[in-house]
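>>> I need the structure of the sequence given here:
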Amino acid sequence: MKLNYKRTLLVGFAFFLICTFWQAYDTIIPKILTDRFGMSQTLSGIIMAIDNVLALFMLPFFGALSDRCRSKRGKRTPFIFIGTVAAVVFFMLLTAADASQLKKIESVSTIDDPGNLSAIYEKVADDKIRTPEGDEFTLRSLYTGSGFSDIRSSVYETAFASGKILYTKSGTDGPGTAENGKYKNHFVTYDGENFYLRDRKTLADTPINPVITVDGKTVSLKALFDGTAEYEGIPAFSQGTNAVYTNYVVPARQAYIHQITRNDPSSLIWFMIILMMVLISMSIFRSPAVALMPDVTVKPLRSKANAMINLMGTVGGMTVLVLGMGFAFANSAIKNTFRPYFGFFAVVSGIMLAALAVFMLTVKEPQWNADMLRESQELGLEEAPEPAPDPDSMTKEEIRAEKKRKKEKKRLEKEEKRKNRLSGPELASLLFILLSVALWYFGYNAVTSKYSVYATNVLDLDYSTTLLIANAAAVISYIPVGIISSKVGRKKTILAGVVMLAVAFGVACFMRVGSPAIVMNIMFALAGIGWATINVNSFPMVVELSRNGNIGKYTGYYYSASMAAQALTPFVSGIFMDRFGMTALFPYATVFVCLAFITMMLVKHGDSKPEPAKSKLEAFDVDN
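Below is the predicted model of the structure:
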């Protein structure tokens, strides 16, 4: 008995295209909703939760419908074909609605255009707006119209190198020096004409002389900026995001775009209609695609096959993240806010169709299903179906004996069901595990559904890189996590993963524009390892409490807990971000992950140590 890796790989193309779509959806749709339509985080969170709400009802429906399908291409393949084609068509139509909205907001969509900024100021100068930190302000209380229109998205800056480069604050006194370290909490900015000393905390600007003293030598700031002069071999200036722009211009623009959308919601209405059709199309084949692998794989090999399927899905998600970096949507976030997504959507759709073509040309579902059934019967894993008795050919005694047999069978089934009931402590452990699952999904899914918007508005970082790092770290950690959990047990391993996730999110709470990108990358790597550690072990703990014949029921419990959390958390986290600022995202996630640690500590059952995987590939067997 050996897994047919080629067949499993080809079947995995269905899951590959599913994960390709969802990665693109989760990173781009939130940005369209907030940047193009001016939606609040609460409302965009509701929309981002729709797919999970639909999943609660439509996935079982289409899964059961595919069970009854009797097509020449098999039970699952027709759903995969129809659903994928429909999803691609509607996915591309989203770009038309997006382009329509971009046309309506073109008067304010040009970055660093003084005329655009004047129009924004005129419309929302007296409106109450919140910064990403959650502080309320009105533009008129902070800026005049001309002052607001002079703000630019980028500044040329340099940090004080622990006082080694010394600046004079006087704009008239000529070259001079300041006390060593006196301005260590400041940095120099350049708007193309003048130089300023900016306080990192208050963001207050003070004009400074364009000539400074470096270790007793007079140096022109302009020369440092031009690169014709250096300090210790390092150019003193670099271009960075203007914190004033992200704190005030971006929220003000979104407030104005919200007004435009409210006055003419036609593009939003079409966008939502098409989006619903996209989500319904994806629901058509999500369950059939997952069910196909067990249809063509004998039971003892399904764990190894499921590992390959999950790896294919991970590759699909990582492909989209790399693609986003190539299109530069994830880089220079402010500059790319209003770039059209047509090209990106077209390439993603092309990848999905290419994966579908490979699947349709190579997967022979009816034949492979028949092979699986035959092999299962040969191995004694399943009995050949008994022919149904024909009442017309049976004697009265045989009929009475058959009825008696059926009655006894029902009695035995009831007795078995009674024996399979959980004890009080076991039931408590099951409830605490499911509560833990819901809590860590509340934290983790809030970040994954909001991070692309958060990275743009709070960090101005490349969100694709950080998410790619998280995925890569998770894949690399599957094997060692499987080995560790087989040695120390699932509960301890999960608790370690929860701690890693909480630390990663906790550190991310303090990251802002200008924070080292490498720190965020390290934290996302830690989060990826932590999430893999949790995911590898949580599902087996749930089914460990199941009895013979009801694994499916306990699988349903697990997915009900996770899907319910994923349906609610985009909305709930959006409320917190609207009320307390976008920076509330990671504190929100950290709190829920910490609560999961507490509930997981109360689990006393389901912690059987799994036997070591027979091959390294089995360590990748993760149910998401």
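
>>> Would you mark the buried spots in the helix or strand harbouring F432?
In the assignment (DSSP states H and E), F432 maps to helix 424-454. Residues of helix 424-454 classed as buried by neighbour count (16 or more other CB atoms under 10 Å): 429-454. The C-beta positions use only the backbone N, C-alpha and C, and glycine is treated the same way.

>>> Pull the number of nearby residues for the residue lying closest to M394 once chain neighbours are set aside.
In space, and not counting its chain neighbours, M394 is closest to E402: 7.1 Å by CB to CB, 6 or more residues apart in numbering. When neighbours are defined as other CB atoms under 10 Å, E402 has 13 of them.

>>> again, but for A517
Residues lying near A517 (other CB under 10 Å) number 15.

>>> And it, its phi and psi?
Dihedral pair for A517: phi -60, psi -30, per degrees, to the nearest 10.

>>> Check the spatially closest residue to it that is not a sequence neighbour and give its pLDDT.
Spatial nearest neighbour of A517, chain neighbours left out: L461 (5.5 Å); criterion: CB to CB, 6+ apart. L461 is assigned 71 on the pLDDT scale.

>>> Start from the N-terminal end of the stretch 501-624 of the chain and give the strands.
Taking DSSP state E, counting those that start in this stretch, the stretch 501-624 of the chain contains no strands at all.

>>> helix, strand or coil for the residue nearest to A517?
coil (DSSP: H, G, I helix; E, B strand; the rest coil).

>>> The chain: strands as residue ranges?
Along the chain, counting by DSSP state E, strands occupy 129-130, 136-137, 154-159, 165-166, 186-190, 195-199, 205-207, 211-214, 217-220, 238-241.

>>> Compare those and say which comes out lowest on pLDDT.
strand 165-166 - the lowest mean pLDDT of the strands of the chain, at a mean of 41.

>>> what about the helix holding F432, average pLDDT?
When pLDDT is averaged over helix 424-454, the result is 91.

>>> That helix: how far from the chain's middle?
15 Å (CA atoms, centre = their mean, to the nearest Å).

>>> Same check on stretch 346-360?
Mean-position distance between stretch 346-360 and its chain equals 22 Å (CA atoms, centre = their mean).

>>> List of residues touching that stretch?
Stretch 346-360 is contacted from outside by 10-11, 13-14, 16-17, 20-21, 24, 77, 80-81, 84-85, 87-88, 91-92, 95, 316, 319-320, 323, 327, using CB atoms under 8 Å, 6 or more residues apart in numbering.

>>> cool, and stretch 594-608?
425-426, 428-430, 432-433, 435-436, 439-440, 443, 489-491, 494-495, 498-499, 502, 541-542, 544-545.

>>> Return the helix or strand in this protein with minimum mean pLDDT.
strand 165-166 (a mean of 41; mean pLDDT, DSSP states H and E).

>>> Okay, buried residues for stretch 589-601 please.
A589, T590, V591, F592, V593, C594, L595, A596, F597, T599, M600.

>>> Just send these back as JSON lines, with distance to S477 and pLDDT too.
JSON lines is the format used below for those (distance: CB to CB, whole Å; pLDDT from 0 to 100):
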{"residue": "A589", "distance to S477": "20", "pLDDT": "96"}
{"residue": "T590", "distance to S477": "21", "pLDDT": "97"}
{"residue": "V591", "distance to S477": "25", "pLDDT": "97"}
{"residue": "F592", "distance to S477": "22", "pLDDT": "97"}
{"residue": "V593", "distance to S477": "17", "pLDDT": "97"}
{"residue": "C594", "distance to S477": "21", "pLDDT": "97"}
{"residue": "L595", "distance to S477": "24", "pLDDT": "97"}
{"residue": "A596", "distance to S477": "19", "pLDDT": "97"}
{"residue": "F597", "distance to S477": "19", "pLDDT": "97"}
{"residue": "T599", "distance to S477": "23", "pLDDT": "96"}
{"residue": "M600", "distance to S477": "19", "pLDDT": "95"}
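
>>> any chance of those residues in CSV, with distance to N336 too?
Rendered in CSV, the data for the buried residues of stretch 589-601 read as follows (distance: CB to CB, whole Å):
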residue, distance to N336
A589, 25
T590, 29
V591, 32
F592, 31
V593, 31
C594, 35
L595, 36
A596, 35
F597, 38
T599, 41
M600, 40
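
>>> For the stretch 201-350 of the chain, which segments count as helices?
Remark: helices assigned in the stretch 201-350 of the chain by DSSP state H, counting those that start in this stretch are 221-226, 243-244, 250-263, 266-296, 302-327, 342-362.
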